[in-house]
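1. got a sequence here, can you model it:
(2 chains)
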2 protein chains.
Amino acid sequence: MPKQIILNAFETNAPGFTPPGQWTNPRDRAVNYLDIEHWADLARLLERGKFDGVFIADVLGNLDIYGGNADAAIRSGGWTPCNDPMMLVPVMAAVTKHLGFGITGNLSYEQPYMFARRISTLDHLTKGRLGWNIVTGYLDSAAKACGLPAQLPHAERYEAAEEYMSIMYQLWEASWEDGAVIRDRERKIYALPEKVHKISHAGRYYKLEAIHRSEPSIQRTPVLYQAGSSGEGRAFAARHCECIFVSGQSKSGARAITEDLRRLAAEAGRNPGDLKVVVDGLTVLGETSAEVQEKLAEHSRYLLPEGSLAMISAATGNDLAKHGLDTPLSFVKNESNNSTAEGLTKRNEGVVWTPRKIAEHLHSGRGAIFAGTPAQVADEMEDWIDSTGVDGFNLSRGISFATFDDVVNMLVPELQRRGRYKLDYAKGSLRQKLMGHGGPRLPKDHPAQGYRR
Amino acid sequence: MPKQIILNAFETNAPGFTPPGQWTNPRDRAVNYLDIEHWADLARLLERGKFDGVFIADVLGNLDIYGGNADAAIRSGGWTPCNDPMMLVPVMAAVTKHLGFGITGNLSYEQPYMFARRISTLDHLTKGRLGWNIVTGYLDSAAKACGLPAQLPHAERYEAAEEYMSIMYQLWEASWEDGAVIRDRERKIYALPEKVHKISHAGRYYKLEAIHRSEPSIQRTPVLYQAGSSGEGRAFAARHCECIFVSGQSKSGARAITEDLRRLAAEAGRNPGDLKVVVDGLTVLGETSAEVQEKLAEHSRYLLPEGSLAMISAATGNDLAKHGLDTPLSFVKNESNNSTAEGLTKRNEGVVWTPRKIAEHLHSGRGAIFAGTPAQVADEMEDWIDSTGVDGFNLSRGISFATFDDVVNMLVPELQRRGRYKLDYAKGSLRQKLMGHGGPRLPKDHPAQGYRR
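-> Modelled structure (predicted):
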């Protein structure tokens, strides 16, 4: 059987996302983001298309790098406002049985004890369909919003992240042993105290003494996602993560990252195949070339360059308002954990970047554009999978829900005909569905194992 | 028209609650608390009975006062484990149109910026049906779980709470002006930057500099609940809160509290009628006396004294394991914001308390027992309403869902026949439904007004 393709839907709890400005298209539905039914409908659509999961991106703080304030983000709806991602999971889980949910949680600001419980609660309510996209943030405004003078330096953020993970593993994996919960009505015993343990941690960044407030969920630790591509980010991902999201890369770039990640994972003693690499992309599908061109033009028509510039300035820490729209830029690779800047430079070597070109580039969300007939797009995706070693695609919502409608109705059947995409969901938790082997919990070669009793 | 009675359902995201031990009853459904359908079914039932709201209690930390550890709580399932309350709201909102949701949020540990966004997200998703039960916690174990050496002293917790509220009002009421969000597709403007403001706060306990990440929800500030009955708690409630939950009081005690709260509210310049007072209670309904007696005996049969002792020791800060089960206690009124201890002493003056008697007392959840035929219970409730000035009842889940089934099928029709209970929901937000006048937002005489632009 040829390698199966993972499809993820890339969403956020906001009216404006990538590609920026699409909410201005009258047939874009993203402005309905405040309605429960919007998300229930989306979940039903994605499960009909047997999407592996929906990835709910998030960013805290004001997008205030561009021009030194958040005006451009506010005006264009460039990821502003943005509501909490977790609250969407129960809504979408209620109307689906298999769809996975990757929620973004920023460990720099989420209180570990309470965050662990929120995650466990969601893993319970979804019956083991939860993933956590681990981020450390990239905006000083987020730190200030949370009462700190500034964020920690990049390398230190990853030190703190290591410590945070060790706390999470203790709460999720070690506080309640297997067999602790017996729910014995006859003996009137809910759980056995001798199998429930208080976790004690006193580290450099965090301190905690607690029994996890939730009993063990199906996966205990959710599927761990990450999207960082800096050196520290990659090392962190290779140690901890199971699904890595890669942005804005050329095929050769994606192949290099994938090989590097799997090499690092093997060095850390993990099965390199348990690292699924998923590439960001935007699909523009039509039955004919003319239809595809029309849809590409439609995307461009509603693109808001100001939104792009606000988002990319925030993500890279470079204020693009300081330059004329057509000024050539010696683009500075930013030390954030966001890979947009790196992707821009790597995928497009030789391009002379200007703020205008960058804004237009974000046309594609932040990844590859898969524009063509279903057969053309399937060809291109197959080539990506076979030539780079990546496992699938994180597809931008594009025009909400038109883009995903097209994927479900046009692309999925084509991939299925080619034996490249599941005809039905596999059984089990999100982890089992993604890995295709093993149990619902983290495998024995994962560092979480060291924290188990 | 006689005064209408408010009915709230008192729930928690845990298998064991008050009355402790009911999960051991084979017909109790609370052990299904991990299933989405459990909560959807509950919400449908409550809306069929036109309940005003469901109040989701919560406590952070280990219930480790009794015997100096959490063993009794773990063994008996005494509010242990306990999952996150917020995640239930989207599930229940998806299947209802009118039911209100009061979630408990502990301001001592919830990061203000992110908590404000979670609340706004839920107020959006519920279309203005959210309430926040403001608590400051009563367990040192919660503080330790959140990295602190101990909780703040009681009076200081309320000082911090005042500061927290001022931040919340700024984020909810002042960051985004009315008319800021225009969603203008033609002009490609989502919101007007000149009407969106950065909030700056630097106080004794909190610091923050941020634009609220959510656009304004229907109520902006959710309906504010509180359950504290200490001096500080009462003063805080009179200043800020709209719905006050009172536990374990005699009628004369409830009348005194209600009068005191309304007097304090008037002194603070608020309309005293905008403080709704709701009394905790457990209903045991039967068509005949024999049926009522049978159900009372059923409650007793499944009561777990160990669970009661764990919960009341935690709530009062008194380790009841230090005394023999039948040792008379000079009960010490605890300085926590939990009113159980005060209620015990006030409602039962002259009783010689022993740990056993306290455990049995919690039979009733933590409030009054309304046991009888629908007519008898309706009589008693009418007398409460008319003789004390309280506005309604916060009804214990008792035997899940049997107790609420009985309320919906037996008591509600009786109250409706008497003109004491709505035949249909009023229009508008939770605030409008509860107050019976005004708009969806906090009225002009509320301290939040001072933070508006």
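
2. which SSE is immediately downstream of the worst-scoring helix or strand of chain A on mean pLDDT?
-> Every helix and strand in chain A was compared by mean pLDDT, DSSP states H and E; the lowest is helix A:340-347, with a mean of 50. The first helix or strand that comes after helix A:340-347 along the chain, using DSSP states H and E, is helix A:355-361.

3. and A:Glu382, how many neighbours?
-> Per other CB atoms under 10 Å in any protein chain shown, the neighbour tally for A:Glu382 reads 16. Bear in mind the C-beta positions are built from the backbone N, C-alpha and C, glycine included.

4. and A:Glu360, by the same measure?
-> For A:Glu360, using other CB under 10 Å, the count is 14.

5. which ones are touching it?
-> Residues in contact with A:Glu360 (CB atoms under 8 Å, 6 or more residues apart in numbering or on different chains) are A:303, A:305, A:308.

6. give me the subset of these lying in helices.
-> Mapping these onto helices (DSSP state H) picks out A:305, A:308.

7. tell me which of the contacts of A:Glu360 is nearest to A:Ile56?
-> Nearest to A:Ile56, judged by CB to CB, of the contacts of A:Glu360 is A:Ser308 at 21.0 Å.

8. may I ask which of the contacts of A:Glu360 has the most neighbours?
-> In terms of neighbours by other CB under 10 Å, these top out with A:Ser308 at 28 neighbours.

9. does that one touch A:Ala359 like I think?
-> Yes: A:Ser308 is within contact range of A:Ala359, at 3.9 Å (criterion: CB atoms under 8 Å).

10. and A:Cys241, how far is that from chain B?
-> 23 Å (CB to the nearest CB, to the nearest Å).

11. per-residue pLDDT, that residue?
-> pLDDT, A:Cys241: 97.

12. which stretches of the stretch 301-450 of chain A form strands?
-> A:368-372, A:392-396 (DSSP state E, counting those that start in this stretch).

13. quick one: mean pLDDT over the last one.
-> It refers to strand A:392-396. Mean predicted confidence for strand A:392-396 is 96.

14. for that strand, buried residues please.
-> A:392-396 (16 or more other CB atoms under 10 Å in any protein chain shown).

15. Serialize the residues you listed to CSV and add fields for distance to B:Leu296.
-> Formatted as CSV, those follow (distance: CB to CB, whole Å):
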residue, distance to B:Leu296
A:Gly392, 59
A:Phe393, 61
A:Asn394, 58
A:Leu395, 59
A:Ser396, 60
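
16. from the residues you listed, which is closest to chain B?
-> Closest to chain B out of those is A:Ser396 (18.7 Å), distances taken as CB to the nearest CB.

17. quick check: beta-bridge partners of the closest one?
-> Counting by DSSP bridges, A:Ser396 is bridged to A:Phe10.

18. didn't it look like it was pressed against A:Thr18?
-> Yes: judged on CB under 8 Å, A:Ser396 makes contact with A:Thr18 at a distance of 5.7 Å.

19. what residues does the stretch 201-350 of chain A put near chain B?
-> Within the stretch 201-350 of chain A, the positions lying close to chain B (CB under 8 Å from any CB of the partner chain) are A:206-215, A:304.

20. chain B: which of those is nearest?
-> A:Ala210 (3.4 Å).

21. burial count for the closest one?
-> Around A:Ala210 there are 26 residues (other CB under 10 Å).

22. before we move on, what about the one 4 residues further on?
-> Neighbour count for A:Ser214, taken as other CB under 10 Å: 26.

23. per-residue confidence at it?
-> 98.

24. need the contact list for it.
-> So A:Ser214 contacts A:116-117, A:120-121, A:124, B:81-83 (CB under 8 Å, 6+ apart).

25. contacts only, for A:Trp172.
-> Taking CB under 8 Å, 6+ apart, one finds A:116, A:119-120, A:212, A:216, A:220-221, A:448 in contact with A:Trp172.

26. Serialize these to a markdown table and add fields for neighbour count and secondary structure.
-> Below are the contacts of A:Trp172 laid out as a markdown table (neighbours: other CB atoms under 10 Å in any protein chain shown; DSSP: H, G, I helix; E, B strand; the rest coil):
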| residue | neighbour count | secondary structure |
| --- | --- | --- |
| A:Ala116 | 27 | helix |
| A:Ile119 | 26 | helix |
| A:Ser120 | 28 | helix |
| A:His212 | 26 | coil |
| A:Pro216 | 21 | coil |
| A:Arg220 | 25 | coil |
| A:Thr221 | 26 | coil |
| A:Ala448 | 23 | helix |
